[in-house]
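got a predicted structure plus its sequence, pasted below:
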Amino acid sequence: MRNRYLDLLRAVATVRVVVYHLTGWAALTIVFPAMSVMFALAGSLMANSLDRFGAWAVERRLRRLLPSLWVIGVIAVTAMLATGRPWDTRMLLWGFPLADATAHGWWAQALNHTWYLRDFLWFVLLSPLALPVFRRFPLASVVTPYLALIVLTLSEIEIPAVAFHMAFYGGAWMLGFAHHDGHLNRLGRKKIFLLAGALAVPAAIWVLTHPGPRGYDLNDIPLGNALWSAAFILIALGITPPMVKERRVLTVLNARALTIYLWHIPIIVTVVQFGERHHLPGGNAGLLWRSAVVLTLLALVTLAVGWIEDLAAGRRPALVPGRRPPVPVSPAPGASPSSDRDVAVARS
């Protein structure tokens, strides 16, 4: 049975990511740390899949992740080669992004957000090993990524981006495991709020004393981001509302979350560059027209390629997911299909 509350959190996270990239409002990273929430939700769902399907859960997750990436990857690679970019073997990483795939020119800016899929892939591949370790040492498993991030931040050691993000978002993934196994619910509201406060206070102090190039945008302050996000996740996943009603918009956003994530940045970059080239109003003054154009184009692209997510999930492809099939009308008692047809013929 689907957890509609998790669907709600993922839908809000998806919308928040789009709005943030459209507006650049740093406050959104504080109000709702979407990326960490998405990793926590994915960790919870991955633990559930591993319990149900064992190691085959990895194949199921990859099957749902990769096809949508392949579509935009084929388009990007074809466009780069068509504009004279030389072939690079790292372009093959668009098929299985264990590391950053090659992107040149406009595509380098339009696809700079695909790091999320790279990190997601690594977390999925490591989860069959990580989940048993978590269940043997739950507290240590949650704390270790945060300690590693503290050491990396204070020592300023340079390590590959993938390894750094394992520390950055690994705690959120582990909290997803904790949510699935019921550890967060067993803490109770009082302990949840105390733990969240114990994380939020040092997070706020670090952010205020270590602003990034965009001020207090948490995306520029990894340690503060991770600690603040942990506090947010504890409350969001540890204090679950009794019931969330099923809404069509939740179904659509969850069934098309990957498509929306993959395509919103290329569309935003295109619209912004078009506006600059034609000297249209920019900045906050142009936010209204940019938002309208971006959301319209994003809806059209989602209609055009979103059905790939249905195929990847083993669902029947649909332009707009969540539409209920019509319910057949049963004939009245004592009536037969043939008698209904006779009445219709007699009336004609």
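Yep, that arrived.

what are the ranges of the helices in the stretch 101-250 of the chain?
Using DSSP state H, counting those that start in this stretch, the helices of the stretch 101-250 of the chain run over residues 105-110, 115-136, 138-155, 161-180, 183-209, 222-238, 248-255.

which one of those lies closest to W263?
W263 lies closest to helix 105-110 among the helices of the stretch 101-250 of the chain, at 9.5 Å (CB to CB). C-beta: built from backbone N, CA, C; applies to glycine.

for the closest one, packing partners?
The helices and strands touching helix 105-110, judged by 3 or more CB pairs under 8 Å, 6 or more residues apart in numbering; DSSP states H and E, are helix 56-82, helix 257-277.

in JSON lines: these, plus mean neighbour count.
Shown next, in JSON lines, are these (neighbours: other CB atoms under 10 Å):
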{"stretch": "helix 56-82", "mean neighbour count": "17"}
{"stretch": "helix 257-277", "mean neighbour count": "18"}
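
mind checking which of those is nearest R16?
Short answer: helix 257-277, nearest of these by CB to CB, at 11.4 Å.

after the closest one, next one along is what?
The helix or strand immediately downstream of helix 257-277 is helix 287-305, counting by DSSP states H and E.

got the CA coordinates for that next one in PDB?
Presented in PDB, the C-alpha positions along helix 287-305 are these (Å, rounded to 0.1, in the frame of the first residue of the first chain):
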ATOM      1  CA  LEU A 287      10.000  36.600 -13.000                       C
ATOM      2  CA  LEU A 288       6.400  36.500 -13.900                       C
ATOM      3  CA  TRP A 289       6.800  35.900 -17.600                       C
ATOM      4  CA  ARG A 290       9.700  33.500 -17.100                       C
ATOM      5  CA  SER A 291       7.700  31.500 -14.700                       C
ATOM      6  CA  ALA A 292       4.700  31.300 -17.000                       C
ATOM      7  CA  VAL A 293       6.900  30.200 -20.000                       C
ATOM      8  CA  VAL A 294       9.000  27.700 -18.000                       C
ATOM      9  CA  LEU A 295       6.000  26.000 -16.400                       C
ATOM     10  CA  THR A 296       4.200  25.800 -19.800                       C
ATOM     11  CA  LEU A 297       7.200  24.300 -21.500                       C
ATOM     12  CA  LEU A 298       7.800  22.000 -18.600                       C
ATOM     13  CA  ALA A 299       4.200  20.700 -18.800                       C
ATOM     14  CA  LEU A 300       4.500  20.200 -22.600                       C
ATOM     15  CA  VAL A 301       7.800  18.300 -22.200                       C
ATOM     16  CA  THR A 302       6.400  16.200 -19.400                       C
ATOM     17  CA  LEU A 303       3.400  15.300 -21.600                       C
ATOM     18  CA  ALA A 304       5.800  14.400 -24.400                       C
ATOM     19  CA  VAL A 305       8.300  12.200 -22.600                       C
END
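
for the helices and strands packed on helix 105-110, could you give me a markdown table that also reports mean pLDDT and distance to N3?
Formatted as a markdown table, these follow (pLDDT from 0 to 100; distance: least, CB to CB, whole Å):
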| stretch | mean pLDDT | distance to N3 |
| --- | --- | --- |
| helix 56-82 | 95 | 17 |
| helix 257-277 | 96 | 15 |
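
dump those helices to JSON lines, plus distance to A101.
Formatted as JSON lines, the helices and strands packed on helix 105-110 follow (distance: least, CB to CB, whole Å):
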{"stretch": "helix 56-82", "distance to A101": "7"}
{"stretch": "helix 257-277", "distance to A101": "13"}
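
where does pLDDT dip in this protein?
Applying pLDDT under 70 to the chain flags the ranges 1-2, 324-348.

nearest residue to the middle of it?
M38 (4.9 Å; CA atoms, centre = their mean).

can you tell me how far it is from R248?
Counting by CB to CB, to the nearest Å, the gap between M38 and R248 amounts to 22 Å.

equivalent analysis for E156, please.
48 Å.

closest to A230 out of the helices and strands packed on helix 105-110?
That would be helix 257-277 among those, by CB to CB, at 22.4 Å.

just the residues contacting the closest one, thanks.
Contacting residues not belonging to helix 257-277 are listed as 10-11, 14, 17-18, 21-22, 64-65, 68-69, 72, 106, 109-114, 116, 253, 280-282, 286, 289-290, 293-294, 297-298, 301-302, 305-306, 308-309 [CB atoms under 8 Å, 6 or more residues apart in numbering].

and what of stretch 229-244?
4-5, 7-9, 32-33, 35-37, 40, 44, 146, 171-172, 175-176, 179, 184-185, 187, 189, 192-193, 195-197, 199-200, 203, 218, 250.

just checking, V19 touches V31?
No. Using CB atoms under 8 Å as the test, V19 is too far from V31 to be in contact (10.6 Å).

quick one, which of the two is more surrounded?
Legend: neighbour count by other CB atoms under 10 Å for V19 and V31, higher for V19 (17 against 11).

so which elements touch the helix or strand encompassing S44?
Here S44, judged by DSSP H and E, is contained in helix 34-53. The helices and strands touching helix 34-53, judged by 3+ CB pairs under 8 Å, 6+ apart, are helix 4-23, helix 56-82, helix 115-136, helix 161-180, helix 222-238.

and of those, who's closest to V142?
helix 161-180 (4.4 Å).

in that closest one, what's buried?
Buried residues in helix 161-180, counting neighbours by 16 or more other CB atoms under 10 Å, are found at 162, 164-180.

tell me the angle of that helix relative to helix 183-209?
Our comparison of helix 161-180 with helix 183-209, counting by axes from the mean of the first three to the mean of the last three CA atoms, to 10 degrees, yields an angle of 140 degrees.
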